[in-house]
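Engineer: coordinates for the following, if possible.
(4 chains)
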Number of protein chains: 2
Amino acid sequence: MTRGSPETRARILCAAEDLVIRDGVSKLTLDAAAHEAGVSKGGILYHFPSRAALVSAMVERFVVSFDADLDRYGANGGGPGDFTRGYLRATLAPSEVPGDAPRDNRDQRLGGALLAGVASDPELLTPLRDRFDAWQAAVSSDGLPAEVATLVRLTSDGLWLSDLFGLAPVTGELREKVGERLFALMDEAPAAPTDEDERR
Amino acid sequence: MTRGSPETRARILCAAEDLVIRDGVSKLTLDAAAHEAGVSKGGILYHFPSRAALVSAMVERFVVSFDADLDRYGANGGGPGDFTRGYLRATLAPSEVPGDAPRDNRDQRLGGALLAGVASDPELLTPLRDRFDAWQAAVSSDGLPAEVATLVRLTSDGLWLSDLFGLAPVTGELREKVGERLFALMDEAPAAPTDEDERR
DNA sequence: TCGACTATACCGTCTGGACGGTATAGTCGA
DNA sequence: TCGACTATACCGTCCAGACGGTATAGTCGA
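Structural biologist: Next up, the predicted model:
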């Protein structure tokens, strides 16, 4: 179904990301992406039937990548609070790479690039929205008080999005301390109100 | 310096916002904005010398509007934690309007519209970034432990931005409970580490 | 107070360029 | 020989911005 070699496909996707990150969404034209990827315009159209398909693939890629991070950071352990802790760790992690400023981090900026790219056609955000709904559902039934878990989720998103847009990103020691506070909040939180508790 | 009547200018800005909110950034053309505002394309160019100037004015307007909100919600009282509390209240407030879902709120979506519009030319974000830097500075020297204040700021931004993009926005009771938790966090926080304390 | 002139606030049209997409012919390695 | 492209040419559309025009209100000297 998807034509072309996976390698070239990935190269195009990376090139498009780099381009958006560097120059902004408006510069993401088929010509520019082709040039950046070292591929002809026809080559791009060979892999992605339209520009929208390209952007859509970029969104898909981001979602998959963050889900993989969640796994990596133990968000699917199943214990109470595991998902929320994993979500926070996955958000915090990129900036922990030594010598790698958060704003230079690829994954971080990637998300923003996509958000921005997608903003030009709100339709393309739908898969991302669905994924976020699922994450929020997982967070709020994670064995922590829902408002504590949600607070952690929102702070993580705030961290991520402010990095993304360069809106007073929080870095270094302050970032770590915020993380510690959040972990402390979760540790102190009373045991989970489960669905059964709710029903009583 | 700014040409044209302030009324028409404001009408154009409002029209552009409505348009972006309704149809997405990519639909914000001079023609479309002119039509929406009941003005000719030439009329728009009379008020804003270029499309970029229009978008830039939209950003400026958002910044001013949020600063006004901060004042309105007592962010400039001068007491310890006042700014941070005001910031949180200003973020929470729109959803408190009865019968007005947060995603339908103009100011909320306005911000997103601008962010998105601006994403196409990262340069235009600069004034917004500067303002955010100032807000972060105010928050973190507000008489609360910096990481608590920053945490509140980030959660507010998370609330705002997830509303904005429709990324699992938090509404209703849960939203209120998150707010309460944050206020409680600030109330419980130890007294301000002042600059003098730091120097010791 | 009247005519000349100016400034302001627009309107409507045109143009040049960019961009998405199509089509087609050809290359090249496995 | 077929899949994976490259290279190039082209079409239709959209859009920013330039430009010339117009209507109206105000100014000012005689």
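
Engineer: please count neighbours and contacts with C-alpha atoms only from this point.
Structural biologist: Fine.

Engineer: following the helix ranked longest in chain A, which helix or strand shows up next?
Structural biologist: Secondary structure assigned by DSSP state H gives helix A:51-72 as the longest helix of chain A. On the C-terminal side of helix A:51-72, the closest following helix or strand by DSSP states H and E is helix A:82-92.

Engineer: ok now stretch A:63-83, how far from the chain's centre?
Structural biologist: Stretch A:63-83 has its C-alpha centroid displaced from the chain centroid by 13 Å (C-alpha atoms, centre = their mean, to the nearest Å).

Engineer: list the buried ones in that stretch?
Structural biologist: A:63, A:66-67, A:69-70, A:73-76, A:81-83 (16 or more other C-alpha atoms under 10 Å in any protein chain shown).

Engineer: and chain A, what are its domains?
Structural biologist: Taking automatic domain parsing as the criterion, chain A consists of the domains A:1-49, A:56-190.

Engineer: any chance of those in TSV, plus mean pLDDT and distance to DNA strand D?
Structural biologist: Putting the domains of chain A into TSV (pLDDT from 0 to 100; distance: least, C-alpha to the nearest atom of the strand, whole Å) gives the following:
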stretch	mean pLDDT	distance to DNA strand D
domain A:1-49	89	3
domain A:56-190	85	11
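
Engineer: please state the offset of stretch A:162-182 from the chain centre?
Structural biologist: Remark: stretch A:162-182 is offset 16 Å from the chain centroid, using C-alpha atoms, centre = their mean.

Engineer: quick revisit: from the buried residues of stretch A:63-83, which two are the most distant?
Structural biologist: Farthest-apart pair in these is A:Val63 and A:Gly81; separation 21.7 Å (C-alpha to C-alpha).

Engineer: give me the neighbour count for A:Gly24.
Structural biologist: A:Gly24: 21 surrounding residues under other C-alpha atoms under 10 Å in any protein chain shown.

Engineer: so it touches B:Asp121, yeah?
Structural biologist: Yes - between A:Gly24 and B:Asp121 there is a contact under C-alpha atoms under 8 Å: 5.7 Å.

Engineer: quick one: contacts for A:Ala15?
Structural biologist: If you count contacts by C-alpha atoms under 8 Å, 6 or more residues apart in numbering or on different chains, A:Ala15 has them with A:33, A:36-37.

Engineer: before we move on, what SS does A:Glu7 have?
Structural biologist: Taken by DSSP: H, G, I helix; E, B strand; the rest coil, the conformation at A:Glu7 corresponds to helix.

Engineer: that should have said A:Asp142, apologies.
Structural biologist: In the three-state summary, A:Asp142 is assigned as coil, counting by three-state DSSP.

Engineer: re earlier: next, the angle helix A:82-92 makes with the longest helix of chain A.
Structural biologist: Interaxial angle of helix A:51-72 relative to helix A:82-92 (axes from the mean of the first three to the mean of the last three C-alpha atoms, to 10 degrees): 120 degrees.

Engineer: so what does helix A:51-72 touch, helix or strand wise?
Structural biologist: In terms of contacts (3 or more C-alpha pairs under 8 Å, 6 or more residues apart in numbering or on different chains; DSSP states H and E), helix A:51-72 is packed against helix A:6-23, helix A:82-92, helix A:106-119, helix A:126-140.

Engineer: other residues contacting that helix?
Structural biologist: For helix A:51-72, using C-alpha under 8 Å, 6+ apart, the contacting residues are A:13, A:17, A:30, A:48, A:76, A:83, A:86-87, A:90, A:110-111, A:114, A:117-118, A:124-125, A:127-128, A:131.

Engineer: ok, back up a step: can I get the buried residues of stretch A:63-83 in a markdown table with distance to A:Leu144?
Structural biologist: Below are the buried residues of stretch A:63-83 laid out as a markdown table (distance: C-alpha to C-alpha, whole Å):
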| residue | distance to A:Leu144 |
| --- | --- |
| A:Val63 | 25 |
| A:Phe66 | 22 |
| A:Asp67 | 21 |
| A:Asp69 | 21 |
| A:Leu70 | 18 |
| A:Tyr73 | 18 |
| A:Gly74 | 16 |
| A:Ala75 | 14 |
| A:Asn76 | 15 |
| A:Gly81 | 6 |
| A:Asp82 | 9 |
| A:Phe83 | 10 |
